[in-house]
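Asks: could you work out the structure for the sequence below:
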Amino acid sequence: MPASLVVWFLSALLIVGVLTQSWWEPRLAARGVHVRRWPWRWWLVGYPETALRIWTTWRRLAHLNGLSVSTAPDRRLLGRDLVVQGQALRPKAPRLSWPTPSRNGVVLRVFLHPGQTPAPYFAAASAMEHAWRVYGVRVTSPRRGQVVIHVTARDPLTGDAPSARTPAPALLSVDVGRIEDGEPWVIDLRRVPHWLITGATQSGKSSLLAALVRGLASQPVGLVGIDCKGGMELGLFGPRLSALAIDRVSAVSLLSGVVEEIQARMRRCREMGKRSVWELPDEQRPMPLVVIVDELAELYLTDGSRQSKDEAEQCGTLLLRVAQLGAALGVHLVVAGQRVGSDIGPRVTALRAQLGGRVAHRAHDEASAEMTLGDINPDAVVTAQNITEDEQGVAVVATGGRWVRARSHLVSATDATEVARISAPPNPLLTTLNSAVPEKGGDAA
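Replies: Numbers count the residues shown, from 1 in each chain. Next up is the predicted model:
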């Protein structure tokens with residue numbers, strides 16, 4: 001399609017959208033009809049305007065940011081000297097696909113010239129944001145010779161989350177927030193059994209844990225908490241938890257009980273000739289168990305004494321066993337902390353390798369983001385570093401090499417207390433875990 005026809009088509013669509021908006025919106029508002037401005041305005045006005053701006057600025061944008069290549073001029077050899085004749089060098093911009101609309105932006109595909117690499121496009125992402133007047137631009141290269149540009153027209157992670165939410169349809173699947181394209185952010189423990197959540201203080205780790213516990217509280221799932229900050233965070237859900245450890249001594253006992261539960265499930269699967277608890281009949285399948293650890297570093301830090309070192313060593317060993325053996329046996333691990341490097345204690349690196357789901361909130365240094373996301377995608381590390389203090393709850397979520405920006409729902413202390421009060425009681429078969437927790441360190445439901 002010629003460029004002139006594209007411009008005329010987008011201009012006509014833009015005019016129709018503006019006229020439609022100015023005609024219908026006041027009349028619907030006068031009748032008391034609530035108008036959700038963004039979704040339909042995006043399709044009628046926002047998308048044509050953004051696509052038109054991209055098409056009209058692409059050539060100049062590519063030239064100014066080093067994305068174009070110059071065509072070779074005509075050359076003639078006169079005598080011993082090389083004389084260049086003909087037309088001047090003409091920069092040629094890479095071929096751009098049609099902007100494909102999405103719920104919250106557009107997706108572009110760029111076909112690179114021979115010899116080009118994606119690196120200049122990564123560097124030009126900020127220039128694209130300003131030229132196209134959009135919220136964000138993310139550049140990826142899924143295959144050789146192509147670059148995909150994801151344009152986000154507005155930030156879907158701003159604003160308050162609705163108070164009423166649709167419950168997750170599947171067991172161990174929880175809607176904990178929204179991702180950058182406006183879709184629900186769902187953590188599915190059946191698909192990704194273990195998760196690692198990192199971030200600085202007041203970055204949103206505890207809010208994400210609270211949203212996860214709230215979503216699991218109404219499901220037939222056993223919940224076990226380890227909160228070495230005296231139970232200040234997970235203690236709000238105390239009546240719903242099968243067991244809660246509030247210091248390292250009780251955490252060792254609790255994790256020992258979890259490992260014993262795992263071994264019991266292994267024996268049951270072996271007797272039934274099954275490789276997973278999910279292959280057992282429904283009436284014989286044990287209830288899923290989710291172990292939630294807040295402030296991981298508190299389990300590893302020592303004061304130099306022999307007893308303290310032994311306790312830290314036990315915690316590291318037990319957590320690693322839970323992560324290695326629990327996935328097929330319905331035991332899942334969610335770990336949160338500010339840092340997950342080997343500097344906080346032994347076996348942390350091995351534990352991190354077992355946690356396939358990664359969530360990185362705002363960090364104070366590059367090393368913290370690198371520990372969480374560096375082995376998955378280097379671009380995700382850069383994005384996590386750009387999260388500001390004003391974006392509380394915003395994080396980079398990475399699983400299986402893919403990553404997105406997301407924001408968790410805010411759960412207040414009142415909401416947490418109410419959820420714990422009205423939720424179903426935990427699995428009675430898990431009450432044996434309470435006997436493993438010293439009275440000062442746990443609270444049975």
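Asks: so which bits of stretch 414-425 are buried?
Replies: Using 16 or more other C-beta atoms under 10 Å as the test for burial, stretch 414-425 gives 415-416, 419-420, 423. Quick note: C-beta positions are derived from backbone N, CA and C, even for glycine.
Asks: now do the SS call for the residue nearest the centre of the chain.
Replies: Nearest residue to the geometric centre of the chain (C-alpha atoms, centre = their mean): Val397, 1.9 Å. With DSSP: H, G, I helix; E, B strand; the rest coil as the basis, Val397 sits in strand.
Asks: what residues does the spatially closest residue to it that is not a sequence neighbour make contact with?
Replies: Leaving aside its sequence neighbours, Val397 sits nearest to Ala406 (C-beta to C-beta, 6 or more residues apart in numbering; 4.9 Å). Neighbouring residues of Ala406 by C-beta atoms under 8 Å, 6 or more residues apart in numbering: 157, 177-180, 185, 359, 394-397.
Asks: is it true that Arg321 lies in a strand?
Replies: No. Judged by three-state DSSP, Arg321 forms no part of a strand; its state is helix.
Asks: what helix or strand is the residue lying closest to it once chain neighbours are set aside located in?
Replies: Once flanking residues are discounted, Arg321 sits nearest to Val259: 5.5 Å by C-beta to C-beta, 6+ apart. Element membership for Val259, per DSSP states H and E: helix 248-272.
Asks: stretch 256-266: which residues count as buried?
Replies: Neighbour counts over stretch 256-266 (16+ other C-beta under 10 Å) mark 256-259, 261-262, 265 as buried.
Asks: contact partners for Met371?
Replies: 198, 339-341, 352.
Asks: helix, strand, or coil at it?
Replies: helix.
Asks: tell me the spacing between it and Arg339.
Replies: Distance, Met371 to Arg339, by C-beta to C-beta, to the nearest Å: 7 Å.
Asks: shared neighbours of the two, anything?
Replies: Thr198.
Asks: what's the burial count for the closest residue to Thr302 other than its chain neighbours?
Replies: If the residues on either side of it in the chain are set aside, Thr302 comes closest to Ser308, at 4.0 Å by C-beta to C-beta, 6+ apart. Counted with other C-beta atoms under 10 Å, residues neighbouring Ser308 total 13.
Asks: and the strand or helix carrying Ser308, what does it pack onto?
Replies: Here Ser308, judged by DSSP H and E, is contained in helix 306-325. Packing contacts for helix 306-325, counted by 3 or more C-beta pairs under 8 Å, 6 or more residues apart in numbering; DSSP states H and E, involve helix 248-272, strand 331-337, helix 348-354.
Asks: how about the strands of the stretch 101-250 of the chain, start to end?
Replies: Counting by DSSP state E, counting those that start in this stretch, the segments of the stretch 101-250 of the chain that form strands are 105-111, 136-140, 146-152, 173-179, 184-188, 195-198, 222-227, 243-245.
Asks: Leu320: which of these is closest?
Replies: strand 195-198 (13.2 Å; C-beta to C-beta).
Asks: show me how far the helix holding Ser308 is from its chain's centre.
Replies: Offset of helix 306-325 from its chain centre (C-alpha atoms, centre = their mean, to the nearest Å): 28 Å.
Asks: now that helix: mean pLDDT?
Replies: Mean pLDDT, helix 306-325: 91.
Asks: counting neighbours, what do you get for Val107?
Replies: 14.
Asks: per-domain residue ranges of the chain.
Replies: Here the domain parsing of the chain from automatic domain parsing is 3-66+88-152, 173-435.
Asks: now do the same for the closest residue to Pro239 other than its chain neighbours: helix, strand or coil?
Replies: Leaving aside its chain neighbours, Pro239 sits nearest to Ala420 (4.5 Å; criterion: C-beta to C-beta, 6+ apart). Counting by three-state DSSP, the backbone at Ala420 sits in helix.
Asks: these two touch, right, Ala420 and Gly235?
Replies: No. Using C-beta atoms under 8 Å, Ala420 is not in contact with Gly235, being 9.6 Å away.
Asks: rewinding a little: and the contacts of Ala406, which of them are buried?
Replies: For those, buried by 16+ other C-beta under 10 Å: 157, 177-180, 185, 359, 394-397.
Asks: list the contacts for Val186?
Replies: Taking C-beta under 8 Å, 6+ apart as the criterion, Val186 is in contact with 168, 173-176.
Asks: mind putting the residues you listed in TSV, distance to Gly230 included?
Replies: Output for the contacts of Val186, formatted as TSV (distance: C-beta to C-beta, whole Å):
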residue	distance to Gly230
Ala168	31
Ser173	31
Val174	26
Asp175	29
Val176	25
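Asks: of those, which is the nearest to Gly46?
Replies: Asp175 (26.0 Å).
Asks: with adjacent residues omitted, what lies nearest to the closest one?
Replies: Pro184 (4.7 Å).
Asks: ok so, going back, among the contacts of Met371, which one sits closest to Glu298?
Replies: Arg339 (11.7 Å).
Asks: and stretch 216-233, how far out from the chain middle?
Replies: 21 Å.
Asks: er, stretch 354-370 I mean
Replies: 11 Å.
Asks: how many other residues sit next to the spatially closest residue to Leu333 that is not a sequence neighbour?
Replies: Excluding the flanking residues, the one nearest Leu333 by C-beta to C-beta, 6+ apart is His194, at 4.5 Å. A count of neighbours around His194, defined by other C-beta under 10 Å, yields 21.
Asks: then Arg405?
Replies: 25.
Asks: so where's the stretch 301-445 of the chain shaky on pLDDT?
Replies: For the stretch 301-445 of the chain, the stretches with pLDDT under 70 are 424-445.
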